[in-house]
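1. Got a predicted structure here, sequence first:
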Amino acid sequence: MITIKDASLSYKRNNPVIDRIDLDIQPGCIYGLLGKNGEGKTTLLNVLSGQLFLNEGTCHVFGEDPAKRNAGLLQKLFLLPEEINMPDVTAMQYIRMYAPFYPTFSHDILKACFESFEVDFSARLKKMSQGQRKKIAITLALAVHTPLLLMDEPTNGLDIPSKDVFRKLLASFTNEEQTVIISTHQVRDLESLIDAVLILDNKKIILNSRLNEISRKLFFRLTNPEEDVLYRNQTPFGLMGVGENTDGEETPVSLELLFNAATLHPQEIKRIFNR
Ligand SMILES: Nc1ncnc2c1ncn2[C@@H]1O[C@H](COP(=O)(O)OP(=O)(O)OP(=O)(O)O)[C@@H](O)[C@H]1O
């Protein structure tokens with residue numbers, strides 16, 4: 001449903017942010033998009049939503065080039081940006097400004113989000129805190145219920161209980177017909193929510209894999225110092241490590257260990273995932 005081929009984008013001449021990347025995104029999955037600061041996550045989400053244009057290569061979303069900004073395609077996708085400039089209207093007026101554009105808009109989801117986030121939808125956005133405004137923005141993103149939902153750091157600014165509410169709402173109100181891509185540094189907020197991981201590093205996609213494939217190919221557990229691992233980290237419980245899973249071990253994926261292993265050893269990760 002998303003196919004990117006040989007794609008490059010530069011803000012400055014001869015300095016691409018993404019460089020000849022290929023990417024296939026399957027429908028019906030929640031993807032976690034990970035990458036260090038400045039690696040191009042926001043840029044990629046903007047390309048997918050038709051707000052930035054590639055210098056080279058092609059991008060197709062539901063078979064169309066988002067750069068053409070056809071209304072039919074724009075109705076099928078929604079980008080929740082990290083920072084949003086909101087007008088001086090009430091939360092409900094804000095939602096009503098956008099709702100008519102999206103044929104998939106769901107009043108049931110809207111009601112559930114307002115109730116769960118406990119926000120006053122008659123309050124003016126300009127008088128809300130940053131976190132309260134974020135809840136309104138997330139509410140709109142979930143309620144439009146588009147087949148493709150792109151979220152840039154959605155949990156930034158949310159308090160701890162609201163992060164939990166966000167996870168529950170996302171899990172309840174997305175279905176197999178929707179694809180969600182969530183860019184974040186808060187990997188703990190994504191654990192138990194995502195089905196697949198994308199890692200952007202050094203201008204390339206160095207991993208695009210479902211969690212079940214990741215746990216088939218890698219182990220994540222306490223290790224002894226002599227063991228051959230890709231990356232390990234001292235924790236209060238001992239040395240947690242990630243390594244190639246050659247014995248059919250079944251261990252839960254740690255996104256933090258995975259990210260460190262992949263960015264430190266991209267070639268090894270490529271070898272393991274291509275075998
Ligand atoms: N409008 C712009 N003009 C010039 N350079 C830009 C512009 N927007 C982003 N960049 C540069 O492109 C690179 C990628 O930025 P981007 O915001 O996509 O990264 P990111 O992975 O989302 O970062 P972060 O995790 O810090 O939010 C950075 O080096 C950034 O400085």
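-> Looks like it arrived, so ask away.
2. Please name the nearest non-neighbouring residue to residue 193.
-> Leaving aside its sequence neighbours, residue 193 sits nearest to residue 167 (Cβ to Cβ, 6 or more residues apart in numbering; 5.4 Å). Every C-beta, even on glycine, is put in place using the N, C-alpha and C of the backbone.
3. Need the pLDDT of the one you found.
-> pLDDT for residue 167: 95.
4. Could you report the neighbour count for it?
-> Look at residue 167: counted by other Cβ atoms under 10 Å, it has 16 neighbours.
5. Equivalent analysis for residue 209, please.
-> By other Cβ under 10 Å, neighbour count at residue 209 equals 20.
6. now it, which residues is it bridged with?
-> Applying DSSP bridges to residue 209 yields these beta-bridge partners: residue 197.
7. check contacts around it.
-> Contacts here follow Cβ atoms under 8 Å, 6 or more residues apart in numbering; on that basis residue 209 touches 196-197, 217, 273.
8. could you say what helices and strands the helix or strand containing residue 21 packs with?
-> Per DSSP states H and E: residue 21 is located in strand 15-25. The contact analysis (3 or more Cβ pairs under 8 Å, 6 or more residues apart in numbering; DSSP states H and E) places strand 15-25 against strand 2-12, helix 41-48, strand 56-61, strand 204-210.
9. one more time with 7 Å
-> strand 2-12, helix 41-48, strand 204-210 (3 or more Cβ pairs under 7 Å, 6 or more residues apart in numbering; DSSP states H and E).
10. Check the average confidence over that strand, would you?
-> Mean predicted confidence for strand 15-25 is 95.
11. Please save the CA atoms from that strand in CSV.
-> C-alpha atoms of strand 15-25 as CSV (Å, rounded to 0.1, in the frame of the first residue of the first chain):
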residue,chain,number,x,y,z
ASN,A,15,23.2,16.8,1.0
PRO,A,16,20.3,14.2,1.0
VAL,A,17,18.4,13.5,4.2
ILE,A,18,17.1,10.3,2.8
ASP,A,19,19.3,8.7,0.1
ARG,A,20,18.0,6.2,-2.5
ILE,A,21,15.7,4.4,-0.1
ASP,A,22,13.3,1.6,-0.9
LEU,A,23,10.4,0.9,1.3
ASP,A,24,7.4,-1.4,1.2
ILE,A,25,4.6,-0.9,3.8
